[in-house]
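Peer 1: missing the sequence, but the structure's below:
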């Protein structure tokens, strides 16, 4: 299955939504001092997850204004989340949005 198919069929309900660490996301994009901000344009949903000790890990897809921008994987609680941008344009739009916060 292609990522575009996953994005189109993904459960985008509140129950499947996960929180976004805007500080960590900003760091990933080369921004310093992006605080955690409660915002509603940037969202993240589980594609698949499992519990590793006491933390949910797995595959997540990120959206900005309901447009898919990135996919991430985290194989275990002690592993970092690896973010994969769909395009340079997606990363740039996200960076601009985080800067505006």
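Peer 2: Thanks, I have it. Keep in mind that this is a model prediction, so the values were computed, not measured.

Peer 1: now do the strands in the protein.
Peer 2: For the chain, applying DSSP state E gives strands covering 17-18, 42-52, 55-64, 67-74, 82-85.

Peer 1: distance to residue 1 for those - can I get that in TSV?
Peer 2: No exception for glycine: its C-beta is placed from N, CA and C like everyone else's. Compiled in TSV, the strands of the chain are given as follows (distance: least, C-beta to C-beta, whole Å):
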stretch	distance to residue 1
strand 17-18	20
strand 42-52	10
strand 55-64	12
strand 67-74	12
strand 82-85	16
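
Peer 1: same list, these, but as a markdown table with mean neighbour count please.
Peer 2: Shown next, in a markdown table, are the strands of the chain (neighbours: other C-beta atoms under 10 Å):
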| stretch | mean neighbour count |
| --- | --- |
| strand 17-18 | 14 |
| strand 42-52 | 15 |
| strand 55-64 | 18 |
| strand 67-74 | 18 |
| strand 82-85 | 14 |
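
Peer 1: closest to residue 96 out of those strands?
Peer 2: Minimum separation from residue 96 across the strands of the chain (C-beta to C-beta) falls at strand 55-64, 9.8 Å.

Peer 1: okay, the angle between the closest one and strand 42-52?
Peer 2: Orientation of strand 55-64 against strand 42-52 (axes from the mean of the first three to the mean of the last three C-alpha atoms, to 10 degrees) gives an angle of 160 degrees.

Peer 1: low-confidence bits of the protein, can you list those?
Peer 2: Within the chain, no stretch has pLDDT under 70.

Peer 1: residue 98: which of the strands of the chain is closest?
Peer 2: Smallest distance to residue 98 across the strands of the chain (C-beta to C-beta): 8.0 Å, for strand 42-52.

Peer 1: OK, contacts around the residue nearest the centre of the chain?
Peer 2: The residue lying closest to the centre of the chain (C-alpha atoms, centre = their mean) is residue 62, at 3.6 Å. Residue 62 sits next to 20, 42-44, 68-72, 83, 94 when contact means C-beta atoms under 8 Å, 6 or more residues apart in numbering.
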